[in-house]
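> can't give you the sequence, but here's the structure:
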């Protein structure tokens, strides 16, 4: 089995390094960050923290150098999905490509470029320590399922899920992965921007009653949109928030990390995605729209003189 | 006429320096910041920017050294009202004390300590350049009126307003100053925290459609609370927002200045005040409550390790 990881940053590296542990799986990684690609080719890909792995991965910035692959796993930030999959699409001329990205709407973008698509959601988190070295901050499950408009077969979904699991990351193949995806989407959209706007770790957000109430309001809007879409959530996102406060008290949300580093955030694919689907289905999402406005305002401030 | 300014920071200094221009008005200033008090006593109080004044003001950190005053003008940040007026109350044993502070609820605090109270609102803004030097950033009107539960007489209100106007700051005496106060309160509560959370100047907040919409939602909640209180606003706060985008495009809201300097903000007296009066009168204010939560979260983050 040949798999190409599209976007080999923190999340992509988790999949690349785990899959590379499996006999018979050949892992390629496409990324535009030359320092990351060079480090992986020079010294291999190393995971620390929640995992301790050293993997052989073939990395490249040149899509033409990648042989045809049966599977792709897109792990870029959501605003780079279009550019990345457009560049690397020939690799998947007869492939099935999964998204394990944050937010909603990535599969739709991927589907415009490849024949079969897998809807995916992953809970593990990590951060790049230095080129070629990624710390796995937390573990957790990954869920894959056929993307309804142009689905991969369940056989394909199952093969990919089993390979990921064999590599050491728990991955489940589902006929309908929307519940898992929206559960994580709602959780992320309710917690990430609140951490990003305040600077607080997840546990401290939950300790402030007014902030915890805001998180619940954001969750409630997301749940109302999922209901309107006919999606049955995997679990109560509000309960995940409280669980997170126990197991990830000191965790700084990825959007907070983005803001601290002055990188564009994924708010358009998170709260913006909930608001877009809500608008299409007649569900009001004023709090999510306010959050989009505030986070985009923060991004705008980086271009402000003085 | 002897007037004591309680809290001689940016706003207090504007009143102190202008009143000191008037023949027959003796101005005292009480403040706890020794550097400011010493500079004023050593070199006088200087205004730059929108005003160019040099004033003789008697400043002190010791309330016992201040002779009895007919009038007081409280200009501390709202969270320091109680401590300041409690310390200096004997000065106003038979005096009338005005608040020109941000937010709502300051007059109630002052009324617990002095016999007669004046409800006040002021639009001019400024910032301390160095001890003894304040830049007047913008001009504008001040409105004074009897505070209903323990009012100063209209004669007193008018005398103070006329003295301030004679000094060069336009000040109006009103039988009911609530409309002016709530107009500014709603304007401030809708714009200050949005600037503080995003880092954007007032004009840039207004250029971002999603942020401008959030400002309007905050205004609408405030107007609904004012309606429930039977208050007729002076003008449409939403129109003031657009006006401000023209005349104060580069203005950084005072709450943004507070956040950048890691000083406690006045959000409890602004959005928190609107939410409190709303709750007492059955008006929902979810967006103002969310803003309180976010700003208090930012303040909390300054104590966060790492």
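Okay, I see it. This one's a predicted model, so the numbers in the text were calculated from it and none came from an experiment.
> need the helices for chain A, in chain order.
For chain A, the helices defined by DSSP state H occupy A:10-19, A:34-43, A:81-88, A:106-111, A:154-166, A:178-198, A:202-207, A:209-228, A:237-247, A:254-260, A:271-280, A:286-301.
> next up, the contacts around the most centrally placed residue in chain A.
In chain A, the centroid-proximal residue (C-alpha atoms, centre = their mean) is residue A:101; its distance is 2.4 Å. With contact set as C-beta atoms under 8 Å, 6 or more residues apart in numbering or on different chains, residue A:101 has these partners: A:11, A:74-78, A:81, A:269. (Glycine included, C-beta is placed from N, CA and C.)
> show me just the buried residues among these.
The neighbour-count test (16 or more other C-beta atoms under 10 Å in any protein chain shown) marks A:11, A:74-78, A:81, A:269 as buried among the contacts of residue A:101.
> now, the residues you listed that are in strands?
The strands in this structure, assigned by DSSP state E, contain residue A:74 from the buried ones among the contacts of residue A:101.
> check what pLDDT residue A:28 gets.
For residue A:28, the pLDDT comes out at 98.
> so how far is residue A:244 from the nearest residue to residue A:212 once chain neighbours are set aside?
Spatial nearest neighbour of residue A:212, excluding adjacent residues (C-beta to C-beta, 6 or more residues apart in numbering or on different chains): residue A:206 at 5.3 Å. Using C-beta to C-beta, to the nearest Å, residue A:206 is found at 8 Å from residue A:244.
> domain parsing for chain A?
Here the domain parsing of chain A from automatic domain parsing is A:2-173, A:178-300.
> in stretch A:151-165, what's buried?
Applying 16+ other C-beta under 10 Å to stretch A:151-165 flags A:151-152, A:156-161, A:163-165 as buried.
> same deal with stretch A:207-224?
Buried-residue list, stretch A:207-224, by 16+ other C-beta under 10 Å: A:208, A:210-212, A:214-215, A:217-219, A:221-224.
> cool, and stretch A:278-289?
Buried, per 16+ other C-beta under 10 Å, within stretch A:278-289: A:278, A:283, A:285-289.
> save those as CSV, and put in distance to chain B and pLDDT too.
Formatted as CSV, these follow (distance: C-beta to the nearest C-beta, whole Å; pLDDT from 0 to 100):
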residue, distance to chain B, pLDDT
A:278, 15, 98
A:283, 16, 98
A:285, 12, 98
A:286, 7, 97
A:287, 6, 98
A:288, 11, 98
A:289, 6, 98
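> and the stretch 201-306 of chain A, which residues reach chain B?
A:201, A:204-205, A:208-211, A:213-214, A:217, A:250, A:286-287, A:289-290, A:292-294, A:296-298, A:300-301, A:304, A:306 (C-beta under 8 Å from any C-beta of the partner chain).
> from chain B, how far out is residue A:176?
In this structure, residue A:176 and chain B are 32 Å apart, going by C-beta to the nearest C-beta, to the nearest Å.
> thought that residue was touching residue A:144?
No: using C-beta atoms under 8 Å, residue A:176 makes no contact with residue A:144, being 11.1 Å away.
> so those two - more neighbours on which side?
A side-by-side neighbour count of residue A:176 and residue A:144, using other C-beta atoms under 10 Å in any protein chain shown, places residue A:144 first with 28 against 14.
> check contacts around that one.
A:98, A:118-120, A:157, A:160-161, A:171-174, A:177.
> now rank those residues by neighbours and give me the top one.
Among these, residue A:98 has the most neighbours (other C-beta under 10 Å), with 35 neighbours.
> how near is that residue to residue B:124?
Using C-beta to C-beta, residue A:98 is found at 59 Å from residue B:124.
> next one: residue A:48
56 Å.
> these two: who's more crowded?
Using other C-beta under 10 Å, the more surrounded residue of residue A:48 and residue B:124 is residue B:124, with 21 against 13.
> what's the nearest residue to the more buried one if we skip its chain neighbours?
Leaving aside its chain neighbours, residue B:124 sits nearest to residue B:140 (5.0 Å; criterion: C-beta to C-beta, 6+ apart).
> is the one you found in contact with residue B:123, as I believe?
Yes: the pair residue B:140 / residue B:123 is scored as a contact, 2.9 Å apart, by C-beta under 8 Å.
> pick out whichever of these two has more residues nearby.
residue B:123 (18 against 13).
> ramachandran angles for that one?
With angles defined as degrees, to the nearest 10, residue B:123 sits at phi -100, psi -30.
> who touches it in this structure?
B:138-142, B:184.
> do you know the pLDDT at it?
So, for residue B:123, pLDDT stands at 89.
> distance of it from chain A?
Distance from residue B:123 to chain A, by C-beta to the nearest C-beta: 24 Å.
> pretty sure residue A:278 sits against residue A:228.
Yes: the criterion here is C-beta under 8 Å, and residue A:278 meets it with residue A:228 at 7.4 Å.
> okay, and which of the contacts of residue A:144 map to strands?
Per DSSP E, the subset of the contacts of residue A:144 in strands is A:98, A:118-120, A:171-173.
> out of the residues you listed, who's nearest chain B?
For those, the residue nearest chain B by C-beta to the nearest C-beta is residue A:119; the value is 28.0 Å.
> isn't that closest one up against residue A:99?
Yes: in this structure residue A:119 lies within contact range of residue A:99 using C-beta under 8 Å: 6.9 Å.
> which neighbours do the two share?
By C-beta under 8 Å, 6+ apart, the residues touching both residue A:119 and residue A:99 are residue A:107.
> what's around the residue lying closest to residue A:76 once chain neighbours are set aside, how many residues?
In space, and not counting its chain neighbours, residue A:76 is closest to residue A:7: 3.3 Å by C-beta to C-beta, 6+ apart. Neighbours of residue A:7 under the rule other C-beta under 10 Å: 25.
> for residue A:242, same thing?
Count around residue A:242 with other C-beta under 10 Å applied: 12.
> again with residue A:247
Neighbourhood size, residue A:247 [other C-beta under 10 Å]: 11.
> what residues are bridge-paired with the nearest residue to it once chain neighbours are set aside?
Nearest non-adjacent residue to residue A:247, counting by C-beta to C-beta, 6+ apart: residue A:138, 7.7 Å away. Listed by DSSP bridges, the beta-bridge partners for residue A:138 are residue A:125.
> OK, contacts around residue A:138?
Taking C-beta under 8 Å, 6+ apart, we find residue A:138 in contact with A:50, A:123-125, A:247-248, A:251.
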